[in-house]
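In: one predicted model, sequence on top.
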Amino acid sequence: MPLFDFKAIGPNGKTNRGTIDAESAKAARLKLKKQGFTVTDISEKTTNKPSQAASLPFFGGSVPAAEIAMMTRQLASLVKANIPLVEALNALVEQIELPALKVIVAQVRQDVNEGSSLARAVTKHPKVFDNVFINMIEAGESSGTLGLVLLRLADLKEAQMRLRSKVISGMTYPALMMLVAVGLMIAIFTFVIPKLAQIFEQMNKQMPPLTAFLIGMSNFIIDYWYALLAGFGLVTFLFIRWKNSATGKPKWDAITLRVPVVGNLVRMVAITRFAGTMGTLLGSGVPILSAMNIAKNLVANAPIANAIMNARENITEGQSIAEPLRKSGMFPPVVIHMIAIGEKTGELPEMLRNVAASYEEQVNTKIEGLTSLLEPIMIIGMGGVVAVIVLSIFVPLLDISNIG
């Protein structure tokens, strides 16, 4: 049943706003009337246009990944309890609190009630339900294991959330320290150094070269701050545009992989995404070629995505997955070895999930180590910059005062 937004006067005489589900606007009015409300305005909520659907990229979006994961797990529990799908979706609509997701699930429920499959119903909302979600639902419906597939899908979404949360939390503190450092330097160059420069001018003493350089830099920042700001904005815009272009993204991603420490972390995150997605898809009955195509689209790094695509093309020619991945040089030997064992033993999905779990743990450890390492490095760096300023400004100033 569709959802309706209503505005009505309650039994107490106060105006109430809310949402109600009913087969039609007339049925909604009657339902509200029985509850003692006098309806003054009612309209159906709809998500027919894809642009109106909430966005959900691989890591987050307008509909939070946590809401999608919770909804998926609740639906899995209802389906595994042998509750008919339409009734399960109806219960789900009543439980969901997020308005955007509530409307979307209500639309899915309506489509399923009209005879559509669940996979076809969620396909109408591609910005909320990604390819992994759609393909796994389709595989679950065709194999009769929808409840199990939904549980695995919820596990996958929660694993993605944990990884995203870990990366964000690990990078937040260093980014905050960098912001504070930049703010401190701007304050020193725009407020402190100009006042000290006035003292040098009043004393009419020759300044050391480094002191003169810092004062000149301070004057330049004060006089041309707008040009510097505009230049920084332009460079940032051009860089982002190049980085996201068809020619720039592969080059930037390749450079990122070669950066010490960071490159290794980026590779591990990509492998975690690939292995976790592939393991879940294959374990849910999705064909291997479709699974690799989906996994390739979810890997953010272009060279690694190209290696997966090349492996997919080789599979169509009768080769294994492990060998083309090994030739690409993008995957560590231990990952290739585990994939090869999985292919030989027929336990590839389980082996891929083990790889994902192992690398997720390694990513957590790497991020914690990187964060703990960045903190003293940034403190030392900030202390070094301040020390240079003190030596170049305050020491000559003290010398001049002593001479005087």
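Out: Nice, I can see it. None of the values given here were measured: they were computed from a predicted structure.
In: now residue 40: which helix or strand?
Out: strand 38-45 (DSSP states H and E).
In: list the helices and strands that strand packs on?
Out: The elements that strand 38-45 packs onto, with contact taken as 3 or more CB pairs under 8 Å, 6 or more residues apart in numbering; DSSP states H and E, are strand 3-9, helix 25-34. C-beta here means a position set from N, CA and C on the backbone, and glycine is covered the same way.
In: touching it from outside, list them.
Out: Residues outside strand 38-45 that contact it (CB atoms under 8 Å, 6 or more residues apart in numbering) are 2-9, 15, 19, 25, 28-29, 32-33, 103, 106.
In: skip ahead from it and say which helix or strand is next.
Out: Once the chain leaves strand 38-45, the next helix or strand it forms, by DSSP H and E, is helix 65-80.
In: stretch 290-310: end-to-end distance?
Out: End-to-end distance of stretch 290-310: 14 Å, with CA to CA, to the nearest Å as the criterion.
In: chain center to that stretch, what's the gap?
Out: 17 Å (CA atoms, centre = their mean, to the nearest Å).
In: okay, buried residues for that stretch please.
Out: 290-310 (16 or more other CB atoms under 10 Å).
In: how about residue 381, secondary structure?
Out: helix (DSSP: H, G, I helix; E, B strand; the rest coil).
In: what pLDDT does it get?
Out: As predicted, residue 381 sits at a pLDDT of 82.
In: leaving out the residues flanking it, which one is nearest to it?
Out: residue 181 (7.5 Å; CB to CB, 6 or more residues apart in numbering).
In: list the neighbouring strands of the strand holding residue 40 plus their orientation.
Out: Paired neighbours of strand 38-45 in the sheet (DSSP bridges): strand 3-9 (antiparallel).
In: please identify the buried residues of the strand it pairs with?
Out: Residues of strand 3-9 classed as buried by neighbour count (16+ other CB under 10 Å): 3-6, 8.
In: now that the residue nearest to residue 381 has come up, it's in contact with residue 380, right?
Out: No: using CB atoms under 8 Å as the test, residue 181 is too far from residue 380 to be in contact (11.5 Å).
In: and the two? Which one has more around it.
Out: Between residue 181 and residue 380, counted using other CB atoms under 10 Å, the more crowded position is residue 181 (16 against 10).
In: list the contacts of that one.
Out: Contacts of residue 181 (CB under 8 Å, 6+ apart): 378, 381-382, 385.
In: just the buried members of the residues you listed?
Out: 378, 382.
In: can you tell me which of the contacts of residue 181 lies nearest to residue 265?
Out: residue 378 (17.5 Å; CB to CB).
In: nearest residue to the closest one in space, please, no chain neighbours.
Out: residue 177 (4.9 Å).
In: that older thread, just want the angle from the strand holding residue 40 to helix 25-34.
Out: Angle, strand 38-45 to helix 25-34, by axes from the mean of the first three to the mean of the last three CA atoms, to 10 degrees: 140 degrees.
In: now strand 38-45 - C-alpha only, PDB.
Out: Taking Å, rounded to 0.1, in the frame of the first residue of the first chain, the C-alpha atoms of strand 38-45 are listed here in PDB:
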ATOM      1  CA  THR A  38     -10.600  15.700  10.400                       C
ATOM      2  CA  VAL A  39      -8.400  15.700   7.300                       C
ATOM      3  CA  THR A  40      -7.500  19.100   5.800                       C
ATOM      4  CA  ASP A  41      -4.900  18.000   3.400                       C
ATOM      5  CA  ILE A  42      -3.600  14.700   2.100                       C
ATOM      6  CA  SER A  43      -1.100  13.700  -0.600                       C
ATOM      7  CA  GLU A  44       0.600  10.500  -1.700                       C
ATOM      8  CA  LYS A  45       4.300  10.100  -1.100                       C
END
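In: is the residue lying closest to residue 333 once chain neighbours are set aside part of a helix or strand, or is it coil?
Out: Spatially, and ignoring its direct neighbours in sequence, residue 333 is nearest to residue 326 (7.7 Å; CB to CB, 6+ apart). With three-state DSSP as the basis, residue 326 sits in helix.
In: got any ranges where the stretch 251-400 of the chain has weak pLDDT?
Out: Applying pLDDT under 70 to the stretch 251-400 of the chain flags residues 316-318, 397, 399-400.
In: where along it do the helices fall?
Out: 262-283, 288-298, 302-316, 322-328, 333-345, 348-389, 395-403 (DSSP state H, counting those that start in this stretch).
In: show me the contacts for residue 332.
Out: For residue 332, the contacting residues are 267, 271, by CB under 8 Å, 6+ apart.
In: do that again at 7 Å, thanks
Out: Residues near residue 332 by CB atoms under 7 Å, 6 or more residues apart in numbering: none.
In: torsion angles phi and psi at it?
Out: With angles defined as degrees, to the nearest 10, residue 332 sits at phi -60, psi 150.
In: grab the nearest non-local neighbour of residue 42.
Out: residue 6 (4.5 Å).
In: can you give the distance of stretch 319-335 from its chain's centre?
Out: For stretch 319-335 - counting by CA atoms, centre = their mean - the centre lies 27 Å from the chain centre.
In: list the buried residues of it.
Out: Result for stretch 319-335 [16+ other CB under 10 Å]: buried residues 320-326, 328, 330-331, 335.
In: among these, which pair sits farthest apart?
Out: Among the buried residues of stretch 319-335, 320 and 330 lie farthest apart (CB to CB), at 16.3 Å.
In: count the neighbours of the residue lying closest to residue 389 once chain neighbours are set aside for me.
Out: Nearest residue to residue 389 in three dimensions, chain neighbours excluded: residue 188, at 6.2 Å (CB to CB, 6+ apart). Residue 188 has 17 neighbours, counted by other CB under 10 Å.
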